[in-house]
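Peer 1: give me a 3D structure for the following:
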Amino acid sequence: MTSEELENLSKLVRSKANFTEDNILDKSLEMSSIYFRYLELYTSEMKELKKFEADREMLYGTLFLDLKKNSNIEIKTKGDADTIIKANATYYNASLEVSHQETVVKYLEEVIDMYKKMTYMIGNIVSLIKIKRGLQ
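Peer 2: Purely as a prediction, here's the structure:
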């Protein structure tokens, strides 16, 4: 998911999360479909994150082996190798991809958690409205 897609998703979440007493019944019916849509999106983005992490680790291994075989730089510790590998532009870009994807996944986790809480709140509000109407 690109930064622009993430921003558009954020706007959509804000628009869908607004509810009033007038639209609460409609929102209560809509919540489960929205929740499962975000859950599916979360699952696919989590798979993408795992792929990016695996690609980065494979790149690290390739760079490490290349460093050991073809470099005339003396590597005394794994920390030395880490420093050299993490300075590699390709590895840096792969790390940026992982970091961005972690942000996307974290955001989706928070959205899903928010929708869980909203579903509970809307259920309580609907019950309160029913009680108010029953007392009138």
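
Peer 1: quick check, pLDDT for the most centrally placed residue in the chain.
Peer 2: Nearest to the geometric centre of the chain sits residue 105, at 1.2 Å (CA atoms, centre = their mean). Residue 105 is assigned 95 on the pLDDT scale.

Peer 1: which element is it on?
Peer 2: helix 89-135 (DSSP states H and E).

Peer 1: kindly report the same for residue 43.
Peer 2: Using DSSP H and E, residue 43 sits in helix 24-70.

Peer 1: what sits against residue 45?
Peer 2: 1, 101, 104-105, 108 (CB atoms under 8 Å, 6 or more residues apart in numbering). Every residue, glycine included, has its C-beta placed from N, CA and C.

Peer 1: tell me which two of those residues sit farthest apart.
Peer 2: The most widely separated members of the contacts of residue 45, counting by CB to CB, are 101 and 108 (10.6 Å).
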